[in-house]
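Asks: what would the 3D arrangement of this be:
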Amino acid sequence: MTPRSQSAAAPGGATAGLRRLRTRAVLLRNRLMKPLFVPLRRRAALLHYAGILDGQTVNLHARLPLSVGQPEQVEIVLCRGRRSHSSQARVYQGTAGEALVDAAVLLGAEIGGAPVGTGRWRLRLRVRTGRRTRSLSLLLLEPSVPYAGPTKPMEASPVTGERHRIGRSFRGSARVVSAAAQAAVEVAKVHLGHTGLTVDFRVLGTRVEEPWAQFTASGRTVERAVTVLGPDVFRVEVPLDEMPPRDLQPEHWDVHLRDRTGRSMRLGRRLHDVRNPLRVFAMRRLAVTPPGHTAMIVQPRYTPAGNFRVTCTRMPEAG
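Replies: Predicted coordinates:
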């Protein structure tokens with residue numbers, strides 16, 4: 001191997017080595033969690049559940065340590081450095097006399113929630129009994145397992161596209177890990193008429209400069225201007241007489257947003273909690289006869305990956 005090839009291979013090897021170290025650290029933490037960390041952290045509240053199902057709301061269910069008794073007030077506190085945000089929680093008595101806490105914390109200043117930014121935010125409880133106030137860690141022994149079924153937990157906020165997940169420190173303390181929205185073009189509304197197709201969409205996680213839409217199918221390209229509807233919200237309209245199939249085989253039109261920087265982003269629908277967008281977000285198909293062309297069936301739809309696609313098929317009786 002030449003020095004040049006060694007240097008090219010080094011980053012991949014370093015990444016693989018880092019992954020192995022992280023895996024070992026996780027295994028070591030799990031091995032030490034219950035026999036060592038739990039007995040040493042008797043003042044910590046134990047989480048029975050922690051999850052973010054809708055992509056933007058932290059849901060918690062915890063048991064307070066016996067030493068706390070039955071507090072009068074409990075708050076959930078998100079902390080990062082000197083920044084913190086508190087939210088009221090519900091405290092009640094369980095069937096065995098234990099003190100239990102339920103809480104739901106909305107994330108994201110844009111939607112009226114906690115103004116969390118990119119990074120790791122510690123989760124703690126602030127417990128008040130009379131004049132006494134105590135701060136407790138939230139211990140998460142086992143991360144929540146995603147449920148099976150036609151829906152799944154949201155991976156990002158459906159409003160802002162920001163990504164939040166529940167994580168753990170090495171000692172098992174729960175935290176919220178937040179990341180900025182990934183660059184994406186999210187379809188908001190589709191209208192199919194007898195003469196044209198209209199698609200409204202949002203741009204998330206990035207800015208576009210002088211954008212336009214590009215429809216592509218089987219080596220054919222149709223470019224259309226976009227209309228600004230609001231901040232990062234656009235509309236594109238395309239006449240159906242520009243999309244007729246050339247033969248009896250269906251033609252699948254994919255849609256990309258492009259701008260003057262040369263970037264291209266595919267339109268799709270990804271901010272959802274369904275496992276099969278093709279089946280759940282089904283749209284009507286329409287038989288149309290564009291001026292100067294034979295009759296065809298137009299079917300807007302989403303692929304299993306959530307990409308937006310328009311399929312045009314010549315009517316069999318049209319020959």
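Asks: His293 is in what secondary structure piece?
Replies: Using DSSP states H and E, His293 sits in no helix or strand.
Asks: for it, the count of nearby residues, please.
Replies: 16 (other CB atoms under 10 Å). (Glycine included, C-beta is placed from N, CA and C.)
Asks: any idea how far Glu72 is from it?
Replies: 74 Å (CB to CB, to the nearest Å).
Asks: with Met154 instead?
Replies: Taken as CB to CB, the span from Met154 to Glu72 is 34 Å.
Asks: neighbour-wise, which of these two wins?
Replies: Comparing Met154 with Glu72 by neighbour count (other CB under 10 Å), the higher total belongs to Met154, at 18 against 11.
Asks: does that one count as helix, strand or coil?
Replies: Under DSSP: H, G, I helix; E, B strand; the rest coil, Met154 falls in the coil class.
Asks: return the residues in contact with it.
Replies: By CB atoms under 8 Å, 6 or more residues apart in numbering, the contact set of Met154 is Ile52, Leu53, Asp54, Gly55, Gln56, Leu271, His272, Asp273.
Asks: Thr289 and Ile297 touch, don't they?
Replies: No. The pair Thr289 / Ile297 is not scored as a contact, 10.8 Å apart, by CB atoms under 8 Å.
Asks: tell me where the model's unsure across the protein.
Replies: Applying pLDDT under 70 to the chain flags residues 1-14, 22-23, 25-42, 146-147, 317-319.
Asks: separation between the residue positioned nearest the centre of it and Gly69?
Replies: Centroid-nearest residue in the chain: Ala156, 1.9 Å away (criterion: CA atoms, centre = their mean). Using CB to CB, one obtains 40 Å as the distance from Ala156 to Gly69.
Asks: give the buried residues for stretch 223-238.
Replies: Arg224, Val226, Asp232, Phe234, Arg235, Val236, Glu237, Val238 (16 or more other CB atoms under 10 Å).
Asks: name the element the last one belongs to?
Replies: Taking DSSP H and E as the definition, Val238 sits inside strand 233-239.
Asks: put the alpha carbons of that strand into PDB.
Replies: What follows is strand 233-239, C-alpha atoms only, in PDB (Å, rounded to 0.1, in the frame of the first residue of the first chain):
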ATOM      1  CA  VAL A 233     -42.800  27.800   1.600                       C
ATOM      2  CA  PHE A 234     -43.100  27.500  -2.200                       C
ATOM      3  CA  ARG A 235     -45.500  26.300  -4.900                       C
ATOM      4  CA  VAL A 236     -44.800  24.800  -8.300                       C
ATOM      5  CA  GLU A 237     -47.400  24.200 -11.100                       C
ATOM      6  CA  VAL A 238     -46.900  22.100 -14.200                       C
ATOM      7  CA  PRO A 239     -49.300  21.600 -17.100                       C
END
